[in-house]
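Colleague: this one's structure only:
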């Protein structure tokens, strides 16, 4: 039996109570949501917080809410809810798709969107999807509230801009504008239970049904200390008409935007090559989705 | 410090003293004597510790016992009816889906989670739903066949129950 | 083939219900009153002198009942083969790998035991660590074991025929190198044990093991307890695959601490400790040279192999022989040379794992044969068919193929997979490949020199009711031996399957070498059959007296007595039976004498009926050194055809279909045989594509988890078309021989050959990750361009 270290456990009944705990304990307290990361790290002896705080009694954290121009996803919405929601499959398909590749069905039933963000793993599946969506996270602490775009939220492996008295309460993302397609492509060893060797999230918005590219977002996963935009590739695509040759060239540039390392899942050179292959595929699939959405009349 | 908590397992209320760092796997095995839930790795990689919590199959090794208070938990001990084996259990037995048996409780519960929400899954859906449960002995094929067989049986029983006004 | 009542069926396993309901008790599920929890302190360094161990603080921790180190443990050396006893319970002065056992603690609960470990202070002096065979063999390298300079743990040289001469006559000669990676057993249940040394000086150890017999002998030898006072019991076991076939450190440590404290001690490996213990598949570096005539006749084979053995020998002394002897067959070849070297390195010890030593060799050779077939412009199936042995042939290393359905297996997969329509006709990126293999049906000799029977079996007929209590020390580890041994007993005696109750996996029940080398169906099966026939003779003998009918004119079938001639008048016998069961609802068959009545009559005449069976192979094998390893009473064989798809841009491989034909002699339980085939293919697929144990620069296992040591999931393996071939083995009970280990042999090379068909590349290093395949495709494309 793999044992957990000792810790205090709190189950505040309100967000206010939770924030008070964090303002008192600061770095000594950690939120436990799905536990699929925290419990593993505690068992492996990597972290040993003095206090573990569960926010499961705070209902609003588990709600998906559609506002006028944005969709709000509570930080405790589970990954399996993201993957199986018909609403999200239509409204935020790249998020649903990325969620479906995370871990296993058992893990997804517990893992949360908030957890996958705050753990800040360089290969986490949800941040790239959320970044191409232009999502922001709401961070609350006692007496304070701020909203931070995910672009810029991560500062390195395992670290974010969060203060140690802050709690991530919800993710706010605009919906997908018209003539937009997205995709998430993940290269893995086995077909499931895998952390990405390389993954790419893509988003293309056309200027009208057959127009040139108005907006391009490409986020690379597992090839840098955090998920990164393939900036040179994105810039290259702007204003151009989509084509296979264009995507090939953009993919080539994306390769230079990556800074992969050799690690237990793969070598740096291979990963760089795969950035090229996956980017091209992600762009093509995104374009297919533009056409598909328009055919279906999706909004 | 241990706290007295109450867990609802297999339709029964249990009271136990639990420190905050006790996992659900430990509570089920050490306190409740429900030894059918196994620990194969302790970190969510293998699925041997699978239980159903509020209708969803989960790795019990990644859940604190205190987090499970208020939830409905089903372990392998809780799925057979008074009349005999659950159709999934019977199919596993009849079709040779069990070899060493260590993955079996978790596998059956993942299958139950699937069939309770999706009574007529495709083979692909079965493999995806059970993909978090590792097996080293069987090569999975007879497990898939058993789930398919169980789906057929459960459908028949449902129809029979319906017609008998149950 | 003859029709049987109980065997050759699909009877559900006897233990399936207990496993399906969660009632089955594995070792970690067990508890004894007043039990202590043990934990092991392991070396953090790959190679170091141990200067001092201070256990004072650990001993003082409240709740700690015992702390032991080499000082408190008998210094007796043990291992697997007496020729290589190179382990002690705890390190004496030197730690040889990250994970080597330094000390152990027993405490009132596991938390206390773990805390006590952290209070043991050990002073190490690091030594140079040799993490690969080159550095271990280099001049000036420290001997990891004093008796083995140059760190050569074992060396084997075998010559059959005359390779140097024969190769000169060959039209095609090819040399290829091949390397796999160290593997792990990957069984779902980590090792666990509970030791109980009682006040009468008896040691009872419950443990997750493949061989209660070998563990019993090791405990007795190391701890100095007379062997008659050591009992080893195997509860339900969650898979073994080789690494659990010999004694381990927690079995010894818990027994030692139980002796010292007088209380039961329970110890369970974490998943990480399973990886640190290893005793799993070696890494093999093969160089094969094969010579062939232009008409496709295989003439000569030279095989040089270096095995990375880790820090201790374990089963390695056998592995080094199997890495050579498991080639040759199933093809006719007169000239075979093998040079093997097993090297000590400062890593966890490697031992036996499914296919024992033959898996990497087979992968290398079957791929090389494919290359040669291509050079000859011969279809790979035809090339193999041309060279295969048949029943009755003897290999150049004296393996007698008393039955060999190799042709039937090859033709079955060829016809069952659509080979002719697909080979050479699939689009780029899709491929089909074939391979063959064979394996022993039990090692011909025990791991220690002895005339011992390999398996004994005892049947005790219940005094009333006709229940057949079968006692065997054979180990049910998931492969289904409890079920097939019950079937064999039922068939041989003539009773129904449900009349047999099997009691197994306990040294009190007899001698059985255990579940390794794929032996139990044949060897334990023979013992059980003999015991059942003994009981049958006794019952019919007594019945003959009672009914005044010749025993030769009676038989037992399906739980009933069958008379060759007219049914005699058994009314008196029946009346007596009914009279002594007044009040019972007997449900006796009308007009037919039931077995339970006959068994009761036998008891009344003779007392309790006990039948005994015992098996050891006859004189086997050649007279050359190492002939003992590989020689076997029978050999299973198989052929596989695999289809793959390769994503040419990423190197990602998908196995689309697998067709497998295995000659198991005679299938005692058809469902079980299929299950072993499918499971073997799954393990082979994992070793081909995903599995490798990796180390960091400090010699620590870098991926000691099932997340990063990747065994196939349900989404990684397709359905397998299984074809059972039955060649009727004369040396096997009812014609049966092995399936448990042989089935894995063709898997890796069939995949490699399919990869070549799909992409044109040959891979000589496992696992074939997408990165490795991508690089190979890229290199080929670059070379073709230049």
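Modeller: Now that the structure is in, tell me what you want to look at. This structure is a prediction, so every number in the text was calculated from the model and none was measured. Residues are numbered from 1 along each chain as shown, chains lettered A, B, ... in the order given.

Colleague: so where do the helices sit in the stretch 1-150 of chain A?
Modeller: A:15-25, A:38-43, A:79-84, A:86-91, A:93-100, A:105-108, A:113-118, A:126-133 (DSSP state H, counting those that start in this stretch).

Colleague: go on, chain B?
Modeller: B:24-26, B:87-94, B:104-117, B:123-129, B:141-163 (DSSP state H).

Colleague: out of the ones you listed, nearest to residue C:269?
Modeller: Set against residue C:269 and scored by CB to CB, the helices of chain B come closest in helix B:24-26, at 16.2 Å. (C-beta placed from N, C-alpha, C; glycine too.)

Colleague: avg pLDDT for that closest one?
Modeller: The average pLDDT within helix B:24-26 is 98.

Colleague: name the residues that touch that helix?
Modeller: For helix B:24-26, the external contacting residues (CB atoms under 8 Å, 6 or more residues apart in numbering or on different chains) are A:1, B:37, B:39, B:42, B:49, B:51, B:60-61, B:63-65, B:67-68, B:73.

Colleague: likewise for stretch C:162-175?
Modeller: Against stretch C:162-175 from outside (CB under 8 Å, 6+ apart): C:287-294, C:299-302, C:334-337, C:368, C:371-372, C:375-376.

Colleague: are any of those residues buried, and which?
Modeller: C:287-292, C:299-302, C:334-337, C:368, C:371-372, C:376 (16 or more other CB atoms under 10 Å in any protein chain shown).

Colleague: among the residues you listed, which are in strands?
Modeller: C:287-292, C:299-302, C:335-337 (DSSP state E).

Colleague: quick one: buried residues of the helix or strand harbouring residue A:295?
Modeller: Taking DSSP states H and E as the definition, one finds residue A:295 inside helix A:268-296. Going by neighbour count (16+ other CB under 10 Å), the buried part of helix A:268-296 is A:270-287, A:289-290, A:293-294.

Colleague: from the chain's centroid, how far away is that helix?
Modeller: In this view, helix A:268-296 has its centroid 17 Å away from the chain centroid, taken as CA atoms, centre = their mean, to the nearest Å.

Colleague: check whether that helix comes into contact with chain C.
Modeller: Yes: for helix A:268-296 and chain C, the contact criterion (CB under 8 Å from any CB of the partner chain) is met by A:270, A:273, A:274, A:277, A:278.

Colleague: so which bits of the stretch 1-150 of chain A are right by chain C?
Modeller: Checking the stretch 1-150 of chain A against chain C by CB under 8 Å from any CB, the hits are A:1, A:2, A:3, A:104.

Colleague: of those, list those near chain B.
Modeller: Within the residues of the stretch 1-150 of chain A next to chain C, those near chain B by CB under 8 Å from any CB are A:1, A:2, A:3, A:104.

Colleague: for those, pick the one with the most neighbours.
Modeller: Within those, most neighbours by other CB atoms under 10 Å in any protein chain shown means residue A:104, with 28 neighbours.

Colleague: need the three-state assignment for whichever residue of the stretch 151-299 of chain A sits closest to chain B.
Modeller: For the stretch 151-299 of chain A, the residue closest to chain B is residue A:192, as judged by CB to the nearest CB, at 4.2 Å. Following DSSP: H, G, I helix; E, B strand; the rest coil, we place residue A:192 in the coil state.

Colleague: these two touch, right, it and residue C:710?
Modeller: No: the criterion here is CB atoms under 8 Å, and residue A:192 misses it with residue C:710 at 10.6 Å.

Colleague: so those two - more neighbours on which side?
Modeller: residue C:710 (26 against 20).

Colleague: can you tell me the closest non-neighbouring residue to the more buried one?
Modeller: residue C:690 (3.8 Å; CB to CB, 6 or more residues apart in numbering or on different chains).

Colleague: one step back: which of the helices of chain B comes out lowest on mean pLDDT?
Modeller: helix B:141-163 (a mean of 91).

Colleague: that helix vs helix B:87-94, what angle?
Modeller: Note on geometry: by axes from the mean of the first three to the mean of the last three CA atoms, to 10 degrees, helix B:141-163 and helix B:87-94 are set 140 degrees apart in direction.

Colleague: touching chain A at all, helix B:141-163?
Modeller: No: judged by CB under 8 Å from any CB, helix B:141-163 makes no contact with chain A; its nearest approach is 13.7 Å.

Colleague: helices or strands next to that helix in the packing?
Modeller: If you count contacts as 3 or more CB pairs under 8 Å, 6 or more residues apart in numbering or on different chains; DSSP states H and E, helix B:141-163 packs onto helix B:87-94, helix B:104-117, helix B:123-129, helix C:670-689.

Colleague: how far does the longest one sit from the chain's center?
Modeller: Going by CA atoms, centre = their mean, the spacing between the C-alpha centre of helix C:670-689 and its chain's C-alpha centre is 13 Å.

Colleague: so is the next helix or strand after it next to chain B?
Modeller: Downstream of helix C:670-689, the next assigned helix or strand under DSSP H and E is strand C:720-725. Yes: Strand C:720-725 lies within reach of chain B by CB under 8 Å from any CB, at residue C:720.

Colleague: what about the residue lying closest to residue C:358 once chain neighbours are set aside, how many residues nearby?
Modeller: Closest residue in space to residue C:358, ignoring its immediate chain neighbours: residue C:326 at 3.1 Å, by CB to CB, 6+ apart. Residue C:326 has 27 neighbours, counted by other CB under 10 Å.

Colleague: distance check, residue C:326 against chain A.
Modeller: Separation of residue C:326 from chain A (CB to the nearest CB, to the nearest Å): 29 Å.

Colleague: which residues touch that residue?
Modeller: C:356, C:357, C:358, C:361, C:362, C:438, C:439, C:630.

Colleague: over to residue A:74?
Modeller: Residue A:74 touches A:60, A:61, A:62, A:63, A:64, A:65, A:114, A:169, A:170, counting by CB under 8 Å, 6+ apart.

Colleague: so what's the residue count around the residue in chain B positioned nearest to chain C?
Modeller: Chain C sits closest to residue B:36 of chain B, with a gap of 2.1 Å, by CB to the nearest CB. For residue B:36, the count of nearby residues is 25 (other CB under 10 Å).

Colleague: ok, now which ones touch it?
Modeller: Contacts of residue B:36 by CB under 8 Å, 6+ apart are B:75, B:76, B:77, B:105, C:21, C:22, C:23.

Colleague: pLDDT score assigned to it?
Modeller: 98.

Colleague: before we move on, what about residue A:255?
Modeller: Looking at residue A:255, the pLDDT reads 98.

Colleague: tally of neighbours for it?
Modeller: 21.

Colleague: hmm, whichever strand or helix holds it in reach of chain C?
Modeller: Element membership of residue A:255, judged by DSSP H and E, is helix A:244-257. No: Helix A:244-257 is not in contact with chain C by CB under 8 Å from any CB; minimum separation 10.9 Å.

Colleague: and that helix with helix A:268-296, angle?
Modeller: Here helix A:244-257 runs at an angle of 140 degrees relative to helix A:268-296 (the same axes, to 10 degrees).

Colleague: mind listing what's buried in helix A:244-257?
Modeller: Applying 16+ other CB under 10 Å to helix A:244-257 flags A:246, A:247, A:249, A:250, A:251, A:252, A:253, A:254, A:255, A:257 as buried.

Colleague: the fourth one contacts residue A:284, doesn't it?
Modeller: So that's residue A:250. No: contact between residue A:250 and residue A:284 fails when scored by CB under 8 Å: they sit 10.8 Å apart.

Colleague: from chain B, how far off is residue C:55?
Modeller: 27 Å.

Colleague: ok, residue C:683 next?
Modeller: Applying CB to the nearest CB, the value for residue C:683 to chain B is 7 Å.

Colleague: quick one, domains of chain B?
Modeller: Using automatic domain parsing, the domain ranges for chain B come out as B:2-77, B:87-164.

Colleague: residue B:2: neighbouring residues, count only.
Modeller: With other CB under 10 Å as criterion, residue B:2 counts 10.

Colleague: what residues does the stretch 401-550 of chain C have near chain B?
Modeller: Checking the stretch 401-550 of chain C against chain B by CB under 8 Å from any CB, the hits are C:477, C:478, C:479, C:480.
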